[in-house]
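# predicted model and sequence follow; I will ask about them next.
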Amino acid sequence: MSDRLHTLSGYLYEYQKSVSQPEEFWARIADSFFWRKRWNKTLEWNFEKPDVKWFAGGKLNITENIFERQLFTHADQAAIIWEPNDPNEETRTLTYRELYEEVNRFSNALKSKGIQKGDRVIIYMPMVPEAAVAMLACARIGAIHSVVFAGFSASALADRIIDCKAKAVLTSDGNFRGAKKIPVKAVVDEALEKASVESVIVYQRTNQEVTMKEGRDFWWHEVVANESTENKAEEMDSEDMLFILYTSGSTGKPKGVVHTTGGYMVYTKYSFENVFQYSPGDVYWCTADIGWITGHSYIVYGPLLAGATTLMFEGVPTFPDAGRFWQVVEKHQVNQFYTAPTAIRALQAYGTEPIEGNDLSSLKVLGSVGEPINEEAWHWYHTHVGKGKCPIVDTWWQTETGGIMVSPLAGITPTKPAYATLPLPGIQLTIVDADGKELTGNGVEGNLCIKFPWPSMIRTTYGDHERCKQTYFSTYKGMYFTGDGVKRDHDGYYRILGRVDDVINVSGHRMGTAEVENAINEHPLVIESAVVGYPHEVKGQGIYAYVICDMKNRTEENLVAEIKDTVSKIIGPIAKPDKIQIVPGLPKTRSGKIMRRILRKVAEGITENMGDTSTLLDPEVVEKIIEGRK
Ligand code: WTA
């Protein structure tokens, strides 16, 4: 059964209902799922603590809602189509029945390794169907998965293993990415020198040589070899944890965002069907990696709960050439295509030639996610990829929101370039000024908050509830604060303006400035550093680092290269600063606070009108920084 909306008036009507009677609204949607026991209370909430419970007392397993439910109607329909990195390698297709059997076999294998309900399992894998199998098998036996993007370093991986006290790591020997073959197991080995787990299961993908530790490391194909394709799903409570996903914030180390079972299930399916207007038989493709929330909600859970065919792509947009995305669209007759503005801008740079010659007529809907899409990229996407006939759904949401919050419903909501347009049913947005005063009416700009719970919202930050409270629920009393700036225009449409905190968004990946600074400071010659974002043509934002160092006998060039390496080692290549400027000092106030406003301006290329610098301890330092600008 589908809860798809079909018209603008239908959307407006449902939206009103979702606000006036939220519990009735969500109970009706939730009733179309399979619950072993129906819930007692639809919603209990308190944003002060915060404490939010959806469908309390309900018993279910999310994978039963994917498999046992779909097997009646489309057991032989493709669940996952996998497109490998190398176009000459064979595509793999898993039907719902085949995926079900793989999940069951792997569920049994996990159990035989002693993994039980409530245990944490780290998934550090490339984009192969087994990564989805791994997630679903955890969900089936009630283990809590935490997927770590396979581009993160050993040190970042170790931190996450330690933070969630993981019992096992699921990984692969290596990873094909474009022309490169990347070691994966070797990174896990390095992480496990610092952190420890009981078992490691290794999927063979690249056949490269790896070391296997006796008694701890096992091959995937061996552990599943004799397992049954039947498995009785564990009974979970609505509010049992489904997964932890680490994400960067404005302070310190990444935090583990916790999502629970019932609400996440209801919201990801509902939002998937409505935003993308998925119809049975369509092929849907989201280009994200499963290491990010987009991969969780809109490659795996949302589409599979909706009985969709979801395409999983192992490679990169420019391998073997910049036409790869469009070749894949033609090859698999993709109907809905969902990617990030950074990919669009990167491909835009190659012109339209790589698009031409590919038949893109199957496309019905184009999606965008992860960062604000600039008007130029929007038009390019619309004209050259969508041939002017595919609505663009610019979807605003976050790791913490679990699902899409603000977006057009494809073909229903009139779009406007660079606008995420209107909230989904159930999402009560508000804009507040710096003092927390709600700005009513249209034509206003401020900070984006959400004032009523929605089913897939963050419940806590793993092992540190206080941090969840401080980060999201304390800035403005009684509201969830998103960290984003927003404008509501005269039509009541929302345009996301970007982060207002110390989070930068590099190629759609979230990075905390403090996190990058901490990594830079690990270099033995670094005395102090300050990191800011600056506008970058392709990445949206680039990372600009101002660093005070003891030069010893290094050249600036050497030192800059070493610092980049250090960051790569500590976080991963995605956090490498684009520009590093060695400075004699930082603009600090007399109380020792760095005036980032000035650093942001210089990084942006603005060298005049620095505003009031009279409170600086040493105003001359600003001149020196401007002179040495990169
Ligand atoms: C940004 C990704 C503008 C925003 C799903 C948010 C966007 C952060 C959009 C969350 C969009 C995401 N328009 N900005 N359509 N989508 N963002 O947790 O700043 O990786 O707070 O989740 O990305 O990033 P995250």
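That came through, no problem.
# what's the distance between the closest residue to Trp285 other than its chain neighbours and the ligand?
Of all residues not flanking Trp285 in the chain, Leu311 sits nearest, at 3.9 Å (Cβ to Cβ, 6 or more residues apart in numbering). (Glycine included, C-beta is placed from N, CA and C.) Taking Cβ to the nearest ligand atom, to the nearest Å as the criterion, Leu311 is separated from the ligand by 19 Å.
# next one: Asn358
Asn358 sits at a distance of 26 Å from the ligand (criterion: Cβ to the nearest ligand atom).
# near the ligand, which residues of the protein?
Where proximity means Cβ under 6 Å from any ligand atom, the interface of the chain facing the ligand comprises 247, 292-294, 368-372, 394-399, 420, 482-484, 496, 498-499, 505, 510.
# got the contact list for the residue in the stretch 251-400 of the chain that the ligand sits nearest to?
Using Cβ to the nearest ligand atom, the closest approach of the stretch 251-400 of the chain to the ligand is made by Thr399 at 3.4 Å. Thr399 makes contacts with Leu245, Thr247, Val257, Trp292, Ile293, Ile458, Arg510, as judged by Cβ atoms under 8 Å, 6 or more residues apart in numbering.
# in the protein, where is pLDDT below threshold?
1 (pLDDT under 70).
# test my guess that Glu273 contacts Asp3.
Yes - checked against Cβ atoms under 8 Å, the pair Glu273 and Asp3 is within contact range at 6.6 Å.
# narrow the residues of the chain next to the ligand to those in helices?
When DSSP state H defines the helices, the subset of the residues of the chain next to the ligand inside them is Ile293, Thr294.
# what residues does Phe149 make contact with?
By Cβ under 8 Å, 6+ apart, Phe149 lies in contact with Asp289, Gly291, Trp292, Gly572.
# which one of those sits closest to Lys165?
Gly291 (20.0 Å; Cβ to Cβ).
# give the helix, strand or coil label for the closest residue to the closest one other than its chain neighbours.
Nearest non-adjacent residue to Gly291, counting by Cβ to Cβ, 6+ apart: Phe149, 2.8 Å away. For Phe149, the assignment made with DSSP: H, G, I helix; E, B strand; the rest coil gives coil.
# how close does Phe149 sit to Ala186?
According to Cβ to Cβ, to the nearest Å, Phe149 and Ala186 sit 17 Å apart.
# what of Gly443?
When Cβ to Cβ is the yardstick, Gly443 and Ala186 sit 55 Å from each other.
# neighbour-wise, which of these two wins?
Ala186 (16 against 11; other Cβ atoms under 10 Å).
# so what's the gap between the host helix or strand of the more buried one and the chain middle?
With the criterion set as DSSP states H and E, the secondary-structure element containing Ala186 is helix 185-194. Computed by Cα atoms, centre = their mean, to the nearest Å, the chain-centroid distance of helix 185-194 equals 24 Å.
# got the CA positions of that helix in PDB?
What follows is the C-alpha trace of helix 185-194 in PDB, where atoms were taken according to Å, rounded to 0.1, in the frame of the first residue of the first chain:
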ATOM      1  CA  LYS A 185      41.400  -4.500   5.400                       C
ATOM      2  CA  ALA A 186      44.800  -3.000   6.000                       C
ATOM      3  CA  VAL A 187      43.200   0.200   7.400                       C
ATOM      4  CA  VAL A 188      41.000  -2.000   9.700                       C
ATOM      5  CA  ASP A 189      44.200  -3.800  10.900                       C
ATOM      6  CA  GLU A 190      45.800  -0.500  11.700                       C
ATOM      7  CA  ALA A 191      42.700   0.700  13.600                       C
ATOM      8  CA  LEU A 192      42.600  -2.500  15.500                       C
ATOM      9  CA  GLU A 193      46.000  -1.800  16.900                       C
ATOM     10  CA  LYS A 194      44.300   0.900  18.900                       C
END
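# which residue ranges make up each domain of the chain?
The record, using the TED database to delimit domains, assigns the chain the ranges 8-486, 507-628.
# highest mean neighbour count out of those domains?
Using mean count of other Cβ atoms under 10 Å, the stretch among the domains of the chain with the largest mean neighbour count is domain 8-486, at a mean of 20.
# my read is Gly446 is in a strand, agree?
Yes - with the criterion set as three-state DSSP, the secondary structure at Gly446 is a strand.
# show me what it is bridged to.
When assigned by DSSP bridges, Gly446 has beta-bridge partners Val486.
# how near is it to the ligand?
Computed with Cβ to the nearest ligand atom, the distance linking Gly446 and the ligand is 15 Å.
# just checking, that residue touches Val486?
Yes - between Gly446 and Val486 a contact is recorded at 6.9 Å, counting by Cβ under 8 Å.
# between the two, what contacts are shared?
Contact criterion Cβ under 8 Å, 6+ apart; residues shared by Gly446 and Val486: Ile431.
# got the residue ranges for the helices in the stretch 251-400 of the chain?
261-276, 293-295, 302-305, 324-332, 341-348, 375-380 (DSSP state H, counting those that start in this stretch).
# chain center to the second one: distance?
Average the C-alpha atoms of helix 293-295, do the same for its chain, and the two points are 4 Å apart (Cα atoms, centre = their mean).
# now the fifth one
Relative to its parent chain, helix 341-348 has a centroid offset of 18 Å by Cα atoms, centre = their mean.
# mind giving me the packing neighbours of it?
The helices and strands touching helix 341-348, judged by 3 or more Cβ pairs under 8 Å, 6 or more residues apart in numbering; DSSP states H and E, are helix 375-380, strand 540-549.
# and the ones you listed: which comes nearest Ala191?
Of all those, it is strand 540-549 that lies closest to Ala191, at 23.7 Å by Cβ to Cβ.
# let me know the angle separating the closest one from helix 341-348.
100 degrees (axes from the mean of the first three to the mean of the last three Cα atoms, to 10 degrees).
# who are the packing partners of strand 540-549?
On a contact count with 3+ Cβ pairs under 8 Å, 6+ apart, strand 540-549 meets helix 341-348, strand 503-506, helix 513-521, strand 526-536, helix 556-570, strand 579-582, helix 596-604.
# list the contacts for Asn61?
With contacts taken as Cβ under 8 Å, 6+ apart, Asn61 has the following neighbours: Arg36, Ala139, Arg140, Gly142, Ala233, Glu234, Glu235, Met236.
# taking those residues, tell me the two that lie furthest apart.
Taking Cβ to Cβ as the measure, those span a maximum distance of 14.7 Å, between Arg36 and Ala139.
# bridging residues for the residue of the stretch 101-250 of the chain found nearest the ligand?
At 5.3 Å from the ligand, Thr247 is the closest residue in the stretch 101-250 of the chain, using Cβ to the nearest ligand atom. Thr247 has the following beta-bridge partners by DSSP bridges: Lys255.
# contacting residues around it?
Taking Cβ under 8 Å, 6+ apart as the criterion, Thr247 is in contact with Pro254, Lys255, Val257, Ile293, Thr399, Glu400, Arg510.
# same thing but at 7 Å, please
Pro254, Lys255, Val257, Thr399, Arg510 (Cβ atoms under 7 Å, 6 or more residues apart in numbering).
# do Ile80 as well
For Ile80, the contacting residues are Leu94, Leu99, Pro129, Ala132, Thr310, Met312, taking Cβ under 7 Å, 6+ apart as the criterion.
# coming back round to it: roughly how far does the residue nearest to Gly291 sit from Asn175?
With the distance defined as Cβ to Cβ, Phe149 ends up 11 Å from Asn175.
# what do you get for Pro254?
Distance check for Pro254 against Asn175: by Cβ to Cβ, it reads 21 Å.
# now Tyr267
In this structure, Tyr267 and Asn175 are separated by 31 Å, where distance is defined by Cβ to Cβ.
# go on, Ser146?
18 Å.
# please apply the same query to Val516.
On the measure of Cβ to Cβ, Val516 and Asn175 end up 24 Å apart.
# next one: Ala109
22 Å.
# surely Val200 forms part of a strand?
Yes - the assignment for Val200, made by three-state DSSP, places it in a strand.
# check contacts around it.
Going by Cβ under 7 Å, 6+ apart, Val200 touches Ala168, Val169, Thr171, Val188, Arg216, Asp217.
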